[in-house]
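# below are the sequence and a predicted model for it; my questions follow.
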Amino acid sequence: METRLLNILVCPLCKGPLTVNATHTELLCKADQLAFPVRDGIPVMLTNEARVLDQTESA
């Protein structure tokens, strides 16, 4: 994923920063404990498509 795109994208709920989880191809919001999927290089920023992070991932 392009760095420029990552600098623009924020969490749709809290408007906070996102981090990349390359192993799962997801964008993580630590504040809301959500992981947004990246499918075919396109981030899916819908809350109903996000999964909740478990305790080991949120630390």
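Nice, I can see it.

# what packs against the helix or strand residue 36 falls within?
Element membership of residue 36 [criterion: DSSP states H and E] is strand 34-39. Judged by 3 or more C-beta pairs under 8 Å, 6 or more residues apart in numbering; DSSP states H and E, strand 34-39 is in contact with strand 26-29, strand 51-52. From N, CA and C alone the C-beta is placed, and that goes for glycine too.

# which elements pack onto the last one?
In terms of contact count using 3+ C-beta pairs under 8 Å, 6+ apart, strand 51-52 is assigned the packing partners strand 34-39.

# following the strand it packs on, which helix or strand comes up?
From strand 34-39, the next helix or strand downstream (DSSP H and E) is strand 42-43.

# so how many other residues sit close to residue 3?
Residues near residue 3, counting by other C-beta atoms under 10 Å, number 7.

# which pLDDT value belongs to it?
Note for residue 3: predicted pLDDT of 78.

# for residue 13, see how far away it is.
Between residue 3 and residue 13 the distance is 23 Å, computed by C-beta to C-beta, to the nearest Å.

# report the longest helix in the protein, please.
helix 3-8 (DSSP state H).

# check which residues of that one are buried.
Within helix 3-8, no residue qualifies as buried by neighbour count (16 or more other C-beta atoms under 10 Å).

# next one: residue 39 from residue 20, what distance?
Distance of residue 39 to residue 20, computed by C-beta to C-beta: 14 Å.

# of these two, who's got more company?
residue 20 (15 against 9).

# that one should be in a strand, yeah?
Yes - assessed by DSSP: H, G, I helix; E, B strand; the rest coil, residue 20 belongs to a strand.

# for stretch 28-47, C-alpha coordinates in CSV please.
Output of stretch 28-47 as CSV, limited to C-alpha atoms (Å, rounded to 0.1, in the frame of the first residue of the first chain):
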residue,chain,number,x,y,z
LEU,A,28,-5.6,-1.3,12.6
CYS,A,29,-7.3,1.3,14.8
LYS,A,30,-5.9,0.8,18.3
ALA,A,31,-8.4,3.3,19.8
ASP,A,32,-11.5,1.5,18.6
GLN,A,33,-9.9,-2.0,18.6
LEU,A,34,-10.9,-2.6,15.0
ALA,A,35,-9.1,-4.1,11.9
PHE,A,36,-10.2,-2.9,8.5
PRO,A,37,-9.5,-5.4,5.7
VAL,A,38,-7.5,-4.5,2.6
ARG,A,39,-8.8,-6.5,-0.4
ASP,A,40,-6.9,-6.4,-3.7
GLY,A,41,-4.9,-3.4,-2.5
ILE,A,42,-8.1,-1.4,-1.6
PRO,A,43,-8.8,-0.6,2.0
VAL,A,44,-12.4,-1.4,3.0
MET,A,45,-13.2,1.3,5.5
LEU,A,46,-16.7,0.1,6.5
THR,A,47,-17.4,-0.6,10.1
